[in-house]
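S.K.: sequence unavailable; structure follows:
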């Protein structure tokens, strides 16, 4: 869980975001039988040279010149990566805070904006070459304290202990974990699904 002071200091919209490379992702939740709510994750395809190969993430990617907005980019990338059409079967529920990161294999900064959608369609996802699989995880599991853990990550500064959530053989960490933590405290989750 992030310290309260960090949450209050992080601006919702970074003031310089339009001057940097931008990307966006879609946090997609759905209601299932029994009153549970699940959140969609993708497992990235394993590719040589990709530092996040095989990691858990949310569907999304870089904005393109013909994207009308960052939200439109998240919807396009979701359709391309896993075949879910958020414009037809998704309901926009809110926006989370911008995150500053770097582009793959470059040190140039990039702003990532997460958008939250409720999925009301069928589970007919079709993955492309960038995605190994789609995984729906119960929100009650993701929010339970006993499922939070630590992942050792080797960096140029040495081994760092990174907070994470482990579900079966999957590990949610890094930017995805940060977005998840904000989502869990955002008020965008239906009350019945909160732990």
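M.R.: Ah, there it is. In this text, all values refer to a predicted model and were calculated from it rather than measured experimentally.

S.K.: next SSE after the lengthiest helix in the chain?
M.R.: For the chain, the helix that runs over the most residues, judged by DSSP state H, is helix 70-82. Along the chain past helix 70-82, the next helix or strand (assigned with DSSP states H and E) turns out to be helix 86-89.

S.K.: so for that next one, mean pLDDT?
M.R.: Averaging pLDDT along helix 86-89 gives 96.

S.K.: for the chain, where's the lowest mean pLDDT among helices and strands?
M.R.: Lowest by mean pLDDT, DSSP states H and E among the helices and strands of the chain is helix 4-9, with a mean of 42.

S.K.: ignoring the adjacent residues along the chain, who's closest to the residue nearest in space to the middle of the chain?
M.R.: The C-alpha lying nearest the average C-alpha coordinate of the chain belongs to residue 58 (CA atoms, centre = their mean; 3.5 Å). Once flanking residues are discounted, residue 58 sits nearest to residue 25: 4.1 Å by CB to CB, 6 or more residues apart in numbering. (Each C-beta comes from the backbone N, C-alpha and C, glycine too.)

S.K.: so that neighbour sits right up against residue 70, yeah?
M.R.: No. At 9.6 Å, residue 25 does not count as touching residue 70 under the criterion of CB atoms under 8 Å.

S.K.: and those two? Which one has more around it.
M.R.: Remark: of residue 25 and residue 70, residue 25 carries more neighbours, 25 against 22, as counted by other CB atoms under 10 Å.

S.K.: how about the strands in this protein?
M.R.: 21-31, 37-44, 56-57, 60-62, 90-95, 99-102, 109-119, 131-138, 148-155, 158-167, 170-173 (DSSP state E).

S.K.: want to try TSV for the ones you listed, with distance to residue 75 as columns?
M.R.: Listed next are those as TSV, based on distance: least, CB to CB, whole Å:
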stretch	distance to residue 75
strand 21-31	7
strand 37-44	14
strand 56-57	16
strand 60-62	9
strand 90-95	7
strand 99-102	19
strand 109-119	8
strand 131-138	16
strand 148-155	30
strand 158-167	25
strand 170-173	22
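
S.K.: could you tell me the least trusted of those strands?
M.R.: strand 99-102 (a mean of 77).

S.K.: who's in contact with that strand?
M.R.: If you take CB atoms under 8 Å, 6 or more residues apart in numbering as the criterion, strand 99-102 is touched by 14, 108-114, 175, 178-179.
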